[in-house]
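Novice: Next input, structure requested:
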Amino acid sequence: MTTIRIAAGLCFLAVALGAFGAHSLRSTLEQHGMSDVWNKAVLYHFVHAIALLVLALYGTINRGAWWLLLVGILLFSGSLYVMALTNMRWLGSVTPLVFPCWLGLVNYRTNKVIMVEPPVSAAFVPRRASSSKLQRGKRTAF
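Specialist: Numbers count the residues shown, from 1 in each chain. Reported below is the predicted structural model:
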C-alpha cells in the first residue's frame with residue numbers, strides 16, 4: 001500500500017513540476033536554455049512513475065524492480081531538474097548513472113522469467129528414453 005501511495009505521489013509531482021516549469025519557471029528555463037531539458041525530465045519522470053504504479057499494483061513480486069525504477073527517477077530526472085534550474089551543465093554527467101539501474105532491472109526481470117519447454121514430440125525423443133514411456137500430452141523427466 002505504501003508503494004502505491006509513493007507512486008501516486010510521484011505521478012502528482014510529475015504533473016505539478018511540468019505545470020510549474022511551463023508557467024512559473026518559464027523565463028528562468030528559457031534564460032538558461034534548458035526548457036527542453038526540463039520537459040525531458042518531466043516526461044521520463046511521469047512515464048516511470050506510471051510504471052511504478054503498475055508495479056505497485058502487482059504487489060511484492062516486483063519489489064526489486066520497483067526500487068530500481070525509483071532510484072532511476074531520482075538519478076535521471078532529479079539530475080536534469082537540478083541542472084535546468086541551476087545551469088550547472090556538469091550535472092549532465094550524473095544523468096547516465098541511471099543505466100546501472102536499468103541493467104539491474106533487466107537482470108532482475110530475466111532471472112524471474114519462467115522458461116516454458118516446448119511439447120515433446122515422438123520424432124525428437126532423445127535416445128535415452130523410449131517412445132513407449134512417453135504419453136500423449138505429458139512430459140517425462142530425462
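
Novice: Burial check on residue 12, number of neighbours?
Specialist: For residue 12, the neighbour count with other Cβ atoms under 10 Å is 11. All C-beta spots, glycine's among them, are computed from the backbone N, C-alpha and C.

Novice: what about the host helix or strand of it, average pLDDT?
Specialist: In this structure, residue 12 sits in helix 2-22 according to DSSP states H and E. Helix 2-22 shows a mean pLDDT of 91.

Novice: For it, which residues meet the burial criterion?
Specialist: 3, 6, 7, 10, 11, 13, 14, 17, 18, 21 (16 or more other Cβ atoms under 10 Å).

Novice: Then stretch 50-69?
Specialist: Of the residues in stretch 50-69, those buried (16+ other Cβ under 10 Å) are 51, 52, 53, 55, 56, 62, 64, 65, 66, 67, 68, 69.

Novice: what distance separates the start and the end of that stretch?
Specialist: Stretch 50-69 has an end-to-end distance of 10 Å (Cα to Cα, to the nearest Å).

Novice: cool, stretch 78-94 as well?
Specialist: The straight-line separation of the ends of stretch 78-94 (Cα to Cα) is 10 Å.

Novice: Would you mind listing the buried residues in it?
Specialist: 78, 79, 80, 81, 83, 84, 85, 91, 94.

Novice: what residues are up against the first one?
Specialist: The one in question is residue 78. Shown in contact with residue 78 (Cβ atoms under 8 Å, 6 or more residues apart in numbering): no residues.

Novice: so what does the helix holding residue 12 touch, helix or strand wise?
Specialist: helix 35-57, helix 63-86 (3 or more Cβ pairs under 8 Å, 6 or more residues apart in numbering; DSSP states H and E).

Novice: Okay, the spatially closest residue to residue 18 that is not a sequence neighbour and residue 63: tell me how far apart.
Specialist: Spatial nearest neighbour of residue 18, excluding adjacent residues (Cβ to Cβ, 6 or more residues apart in numbering): residue 42 at 4.2 Å. According to Cβ to Cβ, to the nearest Å, residue 42 and residue 63 sit 26 Å apart.
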